[in-house]
Every structure is written in structure tokens, then in C-alpha cells.
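Enquirer: Using only what follows, build the 3D model:
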Amino acid sequence: MKQGRQTPTPPGRAAENATVFGILGAISFSHLLNDMIQSLILAIYPLLKNSFDLSFGQIGLITLTYQMTASMLQPVVGFITDRRPQPYSLPVGMSFTLVGLLLLATAPNFGILLLAAALVGMGSSVFHPESSRVARMASGGRHGLAQSLFQVGGNAGTSLGPLLAALVIAPYGRGTVAWFSLAALLAIFVLIHVSRWYNAHRQGSRGKAATRRVGHVELPRNKVLFSLGILMLLIFSKYFYLASLNSYYTFYLIDKFHLSVQSAQIYLFIFLFSVAVGTLAGGPIGDRIGRKYVIWVSILGVTPFTLALPYANLFWTGVLTVIIGLVLASAFSAILVYAQELVPGKVGMIAGMFFGFAFGMGGIGAAVLGKLADATSIEFVYQVCSFLPLIGVLTALLPNLERPRHASA
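Expert: You can find the predicted model right below:
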């Protein structure tokens, strides 16, 4: 009778096969708090511009500073932690963000503003690669779903920044930014819990690299490098375009439609919230039908809407930006998981490289577009950027990583 009983699944194997939604929820919530703090910088740009008499070029430099500190350090953090995981680096990184937030609230001059932005970027440089690794560890093999849940927290946090800025910071002044340090403290507390789980389960993740490529096509090195290059161009297209909305959408609405700062921030919140909603779709759909198809639709498919945006009235501007946010947001989770499948065993390095490159493109885009706006107009910036999603046609050059379902029959 005993022979008919199944052998119990070892705890390590069970942990590997199960999706740990508690940890995914915790890391997504931490991502929400982290990116909410980051988005406060973007959301209070009109206030900073008036307080310090900044040009659009200086506004772009603030974005460039905090995104470049993140982009340059993230691949380094990912490379190091692939070799030697540092579970408790998560709350340490959030501590940098906390200090940057306090400096942002009290900065007496433009130089200190840049230092505050740099510290927030440093916090993100530690948070994103390690958090992406935790999401993959807790995925139970549902990598797209896990990355989408992780990403939607960040996008939801990004969307909250303008709303909180409109409701709290705009009426009561820049000093109220300091109250958001409580969010950073809460994130540190949650990340300590996540770090304990990460530390306890990292041993079980070591054997996954050997099986990660099962069910996927093996590619030669040159093909892998070529595919990574295509993915980088797609990231450039997506985040250079998003920089026009993240950094200058409020100015565009104020300049073209004569909205108040608070009304423009509400529109920015609606756009960023649509980005958060769209993020949920990309990962799970990619798990089902393949990452390449999601990437194709989300980048190239948004082109008709970006081309129409510069010529729309206020109502259709709101509608079009919601559609753009929903469609374009689904790309990143699919791109990241696709890249991790291209280069198995380098989860942290790939996450750091792609998060870092995305941040860098956002920062460079903000700076370049700010200079372009100073030299021409905000409306001209949107006319130029409307063509960027056409780069999505390069998705056709990406290989299909999934083996045909009938291949093993």
C-alpha cells in the first residue's frame, strides 16, 4: 500500500515550482513606494522652475542627473550580485532614496537639487536589479507574470507622484516633500522582510540556471548580441518617447491649452495610471503567446496614436495619451524577460543593463528634448517624437525563442 504513495516533493523543489505571491506583492509594493518618490521629482518640475527660475534645459539636467546615476550603476550592481548576491542591499539602497528625498525638500540652490536627484538615482540603481531577481525567484516559472506584477507597482507609484503633488505639494509648498520620507521608511521596513526571504531562498536559485533554457531555442553568440542590440533600440524608442510625456506633458498642456499647474498634474496622473494598467498585460500575455508578439504590438502598434497626438484638442489629447500609455507600457516586461531568456544565468546583469539603459534613455531624452523645446517649442517636440515608435518595425528581426509546440511530438 505504501508503494502507491507519491514521494513528497522536496521543500526546495516545491518552492521553485510555486509562485510566491506574498513576496511578489511585497516587492511590487516597495517598487510602488520607490517610484512614487522618484516621480515626485518629475511632478514638481513647474514648482521648481518657478522657485529657482530654471530653464527647460536645467529641468532636463535634473532628470538626466538622477536617471544617469541609476543607469550607470545598475548594470554594475547586477553584475556584482549575479556573482555574490547581497540580499540586504535592498533596504540600504532605499536609504539613499530617503536621504535624497529630504535634500529635495530643503535644497537651497540648483546644485543641491542635482545632488538630491543623484541620490534618488543611486537608490534606484540598487533597488531595480536585485528586486527583479527576487521577482524571478518568486515567480515559480511564470516569469512574465512576475515581472509584470513587479513593474505595475513601479508604474502605479509613478502615477501617484503627480496626483500627490497636485493635492499636497502644490498647495502647501516644496517643504511638504519631506513628509514623503515616511514612504521611504515604510519601504525600508518591507524590504527588510523581503531580504530575509531572499537570503533564505537564494541557495535554491543556484540550480535554476541549468534548466532555464529548457523549451527555448539555443542561439549562437553573435545572434544573441544582435538580438540584444535590437532590444536596446526598442528601449530607446520607448523611453525617449516616454521622456517627452513624463518630463514635459504638464508644460505642453499649460502652454497649448492654458491649464493650471494642478489641472495639468491631474492629466499627467491619468496618463501614468494608464501606463500602470498597461504594464499588467504584457507579462502574462507574453507567457501565453510569446514575448516577441507583445513587443511587436506594444512598440509599433502605438504609432498611429503618437502621430495624431500633436494635432488633437484637449479632450482627444487625454484620450490618446491614455491609449499610448496602455499600449506602450506592455513592452518592458516582455523585453526584459525575453532578454533574460537570451542570456540565461545573468538575471541581475540583464535586469541592471535594461533598467539602467531605460533610465539612461529617459534622462538623455529629457535633456535633449528640453534643449529642443528651448530652441523651438513644446509642440514641436511632440511632433518630432511622434515618429519614434516606428523603430518598432525592427522587432521583425528578433528570433522566436519558444520551440514549436509540435517539435517534441
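Enquirer: how about low-confidence regions in the stretch 1-150 of the chain?
Expert: Scanning the stretch 1-150 of the chain for pLDDT under 70 picks out the ranges 1-17.
Enquirer: Quick one: mean pLDDT for the longest helix along the chain?
Expert: Counting by DSSP state H, the longest helix found in the chain is helix 221-257. Helix 221-257 shows a mean pLDDT of 90.
Enquirer: next structured bit after it?
Expert: helix 261-289 (DSSP states H and E).
Enquirer: Return the angle between stretch directions for that next one and helix 221-257.
Expert: Following axes from the mean of the first three to the mean of the last three C-alpha atoms, to 10 degrees, one obtains 150 degrees for the angle between helix 261-289 and helix 221-257.
Enquirer: continuing past helix 261-289, what's the next helix or strand?
Expert: helix 291-300.
Enquirer: and that next one, how far out from the chain's middle?
Expert: Mean C-alpha position of helix 291-300 versus that of the full chain (C-alpha atoms, centre = their mean, to the nearest Å) differs by 17 Å.
Enquirer: Distance-wise, check His143 relative to Leu272.
Expert: Distance from His143 to Leu272, counting by C-beta to C-beta, to the nearest Å: 25 Å. Bear in mind the C-beta positions are built from the backbone N, C-alpha and C, glycine included.
Enquirer: Please identify which of these two sits among more neighbours.
Expert: Using other C-beta atoms under 10 Å as the criterion, His143 and Leu272 rank with Leu272 on top: 29 against 23.
Enquirer: Please give me every residue in contact with the more buried one.
Expert: Residues counted as contacts of Leu272 (C-beta atoms under 8 Å, 6 or more residues apart in numbering) are 39, 155, 158-159, 161-162, 246, 325.
Enquirer: Need the contact partners of stretch 161-168.
Expert: Applying C-beta under 8 Å, 6+ apart, the contact partners of stretch 161-168 are 35-40, 42-44, 47, 176, 179-180, 250, 261-262, 265-266, 268-269, 272.
Enquirer: now Arg142, nearest residue through space, not along the chain?
Expert: Counting by C-beta to C-beta, 6 or more residues apart in numbering, the nearest residue to Arg142 once its immediate chain neighbours are dropped is Thr19, at 5.5 Å.
Enquirer: ok, the one you found touching Arg136?
Expert: No - between Thr19 and Arg136 there is no contact, the gap being 11.2 Å when judged by C-beta atoms under 8 Å.
Enquirer: ok so, going back, most neighbours, which of the contacts of Leu272?
Expert: Using other C-beta under 10 Å as the neighbour test, the contacts of Leu272 are led by Pro162, with 30 neighbours.
Enquirer: Quickly find the element holding that one.
Expert: helix 143-164.
Enquirer: So for Thr19 and Arg136, which residue has more residues nearby?
Expert: It is Arg136, of Thr19 and Arg136, that has more neighbours when counted by other C-beta under 10 Å, with 23 against 15.
Enquirer: Once you drop chain neighbours, what's closest to that one?
Expert: Among residues not flanking Arg136 along the chain, Val347 sits closest, at 5.5 Å (C-beta to C-beta, 6+ apart).
Enquirer: That neighbour reaches Ala135, doesn't it?
Expert: No - judged on C-beta under 8 Å, Val347 makes no contact with Ala135 at a distance of 9.5 Å.
Enquirer: buried sites along the longest helix of the chain?
Expert: For helix 221-257, burial by neighbour count (16 or more other C-beta atoms under 10 Å) applies to 227-228, 230-232, 234-254, 256.
Enquirer: Ser124 reaches Phe359, doesn't it?
Expert: Yes - using C-beta under 8 Å, Ser124 is in contact with Phe359, at 7.1 Å.
Enquirer: Which residues are in contact with each of these two?
Expert: Between them, Ser124 and Phe359 share the contacting residues 70, 74, judged by C-beta under 8 Å, 6+ apart.
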